[in-house]
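Q: Attaching a predicted model along with its sequence, questions to come.
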Amino acid sequence: MKEDFRSIEFAPGKTLSVETGRIAKQADGSVVVRMGDTMVLCTAVSAKEPKPGQDFFPLTVDHKESFSAAGRFPGGFMKREGRSNEKEILSSRLIDRVLRPLFPKGYYNDTQIISSVISSDDENDGDVLGAIGASLALHLSDIPFDGPMGEVRVGRVDGEFIINPTVTELKSSDIDMVVGGTRDSVLMIEGEMNEISEEEMLAAIKAAHAAIVTLCDFQDELRKELGKDKREFTPVEANSEVLSHVKELAEAAMIDVIGTGLGKEEYNAKIKEIKESAIAALEEQEKDDDYISEAKKILGQIEKDQLRSMILTKKRRIDGRSPEDIRDIWTQVGYIPRTHGSSIFTRGETQALVSVTLGTKRDEQSVDTLFSQEGKKFMLHYNFPPYSVGEAGFMRGPGRREIGHGHLAERALKMMMPSFDEFGYVVRVISDITESNGSSSMASVCGGSMALMDAGVPLRKPVAGIAMGMIVGAENTVVLSDIRGEEDFMGDMDFKTAGSSEGITACQMDMKVQGISFEIIESALEQARVGRLHILERMAESISTPRAELSKYAPQFLKMEIDGSDIGAVIGPGGKVIQTLQKETGTEIIIEENDKGKGVITISANDLAKAEEAKKRIKMIVGHLEEGATYKGIVKSIKDFGAFVEVAPGKDGLLHISEIDHKRVEKVTDYLNLGDEIEVVLLKVEHGGKLRLSRKALLPKE
């Protein structure tokens, strides 16, 4: 590969630089992409031959972010990067989803893309740069690739679209969306937005695509000068003899099943029976293994072709619905008694069981990435157990798909969540998919919204999500609302949008074909809006506004503010005072200093009375004592003239012998012992902070 260095201004004020031919020359293709001081090394390698018997495309995309890129050490005990973190996994998916449909059909060679952030300026994210670099590495290589493609992030500040906004610019943007595609059409969209309209969404996509066209032209120019000759690749055509034979055995029976409006389980059982019957007939005719293997592939293709044909010609789907119909929905809230909020959301044969847990600031998730070290206070975790699709399998933690689906649902709900200052709780949502037949991530959005309201979280508006599909034919295109699993697998688009009744809060789109017009995307957005509003209406039958009160099992907390100079007194030497206070009151106490130099104290407990007691004692520690108030204290020392009682950590007061009882007290020890817990009234705070206490003020007079 020739050595070269080029740059292009692909959007106003945004310059991309590319270097090739210097680093990683043994890879099939490699480039270094730079924007600002963020640099990403992208490599592409593909095996020369597929593995024997391989019948799928094994593409692996890994986006890695080294902390050294920003001149930092990794947090934690191990000072070395380990398994991919959530940010790296999500960035890898952003690259994978645009590249995958651009490899030729039938190409089954092991292929790996590695995108490594080698420098980070804390302003320009390396994820979209990695996508451009991956495309260019493939385009310049000899690997078969129907590219190039481009990928950009689009934001909007003060009504103006910004391509590849910086981290600082994104803070004031109401859109954070990544768009990927070719010169001809958009292939992938993912992002979050603040209740924007469908028209605004389409305008953002168009702005992003204009930059993508420029990037694709730039890559084509580089390929003409620097690219390698592509390997010869000819996909294996289906055996016409086998095709004809299998059609004769199974096609008519499949057509009958596909058009009868069956549910998932019954449909799959009948299709399986037809396929097994056809294979059995071939085995009786003593066909060899290669013939049987080819027949199995053709059976799957016949099912796909007939399903698509029925939708395109008859506008009817497997289960008998029209393209716009939403499956039946039923919902329930408060199903799980001891969680702080819960819901069941069922749409057709997809079901999400969702729970909400409220916690304190100490429950926030620690985040340590190149661009964020701030604790995460709202999180949604998505689980997809194998039983949800009637299978047995290993449970080894979330995979890339689960992390991606959970992230999308989290983004959709996050836009309607109250700020931490407004609500004060760390919130965790868990969506367990208990049944699945299409769009479980959108079921998680709907169930999550309902569970949050059931927990009393002041969600600004309910949120719902819907998955759209598309079948593209030679003469027409049909957009499908609320797709089920078979339509997702055999269709040409998976377009998920989530939002409130007022606008979109999150979206995700993946196209399997090129050449989709903006008019079709506009139609899909409008059809999705209508479907989303229908789902919101059904959700409202169970719950439509947040509950007025939190669960009795949720932690209760109080907040108070003290002078910054008093923080040390509350903490005490080595943390002794605050630790004692937490232990004796059964509370959790967090102290932070705000930007005004004040100490902000958050007291949480499972009982509000415990939090009140801790607050009262903190007031005493910092000198906020109320004369005439009653306090619970511990007898710390006994003298002839009375006893000293600790009414708060570090705060002792004198209980004079004359204030122990209404009767004359001869010996203090006749009434009190060291360590006794007693209630006393604060009579007076004297000069110098000395406290005068009374026990008899709480006793009835004889």
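A: Looks like it arrived, so ask away. What you see is a predicted model, and the numbers here were worked out from it, not measured in a lab.
Q: does the spatially most central residue of the chain sit in a helix, a strand or a coil?
A: Closest residue to the average C-alpha location of the chain: His407 at 1.6 Å, with C-alpha atoms, centre = their mean. Using DSSP: H, G, I helix; E, B strand; the rest coil, the structure places His407 in helix.
Q: Kindly provide the distance from it to Gly259.
A: 38 Å (C-beta to C-beta, to the nearest Å). Where C-beta positions appear, they are placed from N, C-alpha and C, glycine not excepted.
Q: next one: Met149
A: 37 Å.
Q: ok, these two, which is more surrounded?
A: Of the pair Met149 and Gly259, Met149 is the one with more neighbours under other C-beta atoms under 10 Å, namely 29 against 16.
Q: in its sheet, what does the helix or strand where Thr497 lies sit against?
A: Element membership of Thr497, judged by DSSP states H and E, is strand 493-499. Partner strands and pairing direction for strand 493-499 (DSSP bridges) are strand 464-472 (antiparallel), strand 504-511 (antiparallel).
Q: what does stretch 677-695 contact?
A: Contacts of stretch 677-695 with the rest of the structure, by C-beta atoms under 8 Å, 6 or more residues apart in numbering, involve 623, 625-635, 645, 647, 651-656, 659-661, 672, 697-698.
Q: what sits up against stretch 83-97?
A: 59, 61-65, 113, 115, 126-128, 130-131, 134, 151, 178, 180, 187-188, 190, 369-371, 400, 403-404, 407, 510.
Q: How about that stretch, which residues are buried there?
A: 84-97 (16 or more other C-beta atoms under 10 Å).
Q: At which residues are the strands of the stretch 451-600 of the chain located?
A: Under the criterion DSSP state E, counting those that start in this stretch, strands of the stretch 451-600 of the chain are mapped to 464-472, 477-481, 493-499, 504-511, 556-562, 588-593, 599-605.
Q: Make a markdown table from those and add mean pLDDT to it.
A: Output for those, formatted as a markdown table (pLDDT from 0 to 100):
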| stretch | mean pLDDT |
| --- | --- |
| strand 464-472 | 94 |
| strand 477-481 | 93 |
| strand 493-499 | 94 |
| strand 504-511 | 94 |
| strand 556-562 | 86 |
| strand 588-593 | 89 |
| strand 599-605 | 88 |
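Q: To Ser277, which of those lies closest?
A: Nearest to Ser277 among these is strand 464-472 (27.4 Å), distances taken as C-beta to C-beta.
Q: I'd like to check the angle between that closest one and strand 477-481, please.
A: Between strand 464-472 and strand 477-481, the angle comes out at 160 degrees (axes from the mean of the first three to the mean of the last three C-alpha atoms, to 10 degrees).
Q: How far off centre is strand 464-472?
A: 20 Å (C-alpha atoms, centre = their mean, to the nearest Å).
Q: Who's the closest spatial neighbour of Lys228, skipping the chain neighbours?
A: Asp142 (4.4 Å; C-beta to C-beta, 6 or more residues apart in numbering).
Q: next one: Arg183
A: The nearest residue in space to Arg183 (C-beta to C-beta, 6+ apart) is Cys216, at 4.3 Å.
Q: Give me the secondary structure label for the one you found.
A: Per three-state DSSP, Cys216 ends up helix.
Q: that older thread, give me the nearest residue to the residue nearest to the centre of the chain, chain neighbours excluded.
A: The shortest distance from His407 to any residue other than its chain neighbours is 5.7 Å, reached at Leu90 (C-beta to C-beta, 6+ apart).
Q: How about Leu202?
A: Closest to Leu202 by C-beta to C-beta, 6+ apart is Glu522, at 5.4 Å.
Q: From Glu200, how far off is the one you found?
A: Relative to Glu200, Glu522 is positioned 12 Å away (C-beta to C-beta).
Q: Likewise for Ser419?
A: 24 Å.
Q: Among these two, which residue is more densely surrounded?
A: Between Ser419 and Glu200, Glu200 has the larger neighbour count (other C-beta under 10 Å), namely 18 against 9.
Q: Need the three-state assignment for the more buried one.
A: Classification of Glu200 by three-state DSSP places it in helix.
Q: Same check on Met442?
A: helix.
Q: show me what contacts it?
A: Contacts of Met442 by C-beta under 8 Å, 6+ apart are 409, 464-467, 496, 498.
Q: at 7 Å what do you get?
A: Contact analysis of Met442 by C-beta atoms under 7 Å, 6 or more residues apart in numbering lists 465-467, 496, 498.
Q: Same check on Phe345?
A: Shown in contact with Phe345 (C-beta under 7 Å, 6+ apart): 331, 352, 354, 443, 446-447, 450.
Q: Next: Met201.
A: 504, 525.
Q: Which pLDDT value does the model give it?
A: With respect to pLDDT, Met201 scores 96.
Q: sorry, back to before: can you get me a residue count around the residue nearest to Leu202?
A: 15.
Q: What of Ser197?
A: Number of residues near Ser197 (other C-beta under 10 Å) recorded here: 15.
Q: can I assume it is in contact with Gly503?
A: Yes - Ser197 is within contact range of Gly503, at 5.5 Å (criterion: C-beta atoms under 7 Å).
Q: just to revisit the earlier point, pipe the strands of the stretch 451-600 of the chain into JSON lines and attach distance to Gly227 per row.
A: Converted to JSON lines, the strands of the stretch 451-600 of the chain look like this (distance: least, C-beta to C-beta, whole Å):
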{"stretch": "strand 464-472", "distance to Gly227": "30"}
{"stretch": "strand 477-481", "distance to Gly227": "34"}
{"stretch": "strand 493-499", "distance to Gly227": "31"}
{"stretch": "strand 504-511", "distance to Gly227": "25"}
{"stretch": "strand 556-562", "distance to Gly227": "62"}
{"stretch": "strand 588-593", "distance to Gly227": "56"}
{"stretch": "strand 599-605", "distance to Gly227": "59"}
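Q: And those strands: which comes nearest Ala27?
A: Each of these has some distance to Ala27 by C-beta to C-beta; the shortest is strand 504-511, at 26.8 Å.
Q: what comes into contact with that closest one?
A: Against strand 504-511 from outside (C-beta under 7 Å, 6+ apart): 97, 101, 186-193, 195-196, 201, 408, 411-412, 415-416, 463, 492-499.
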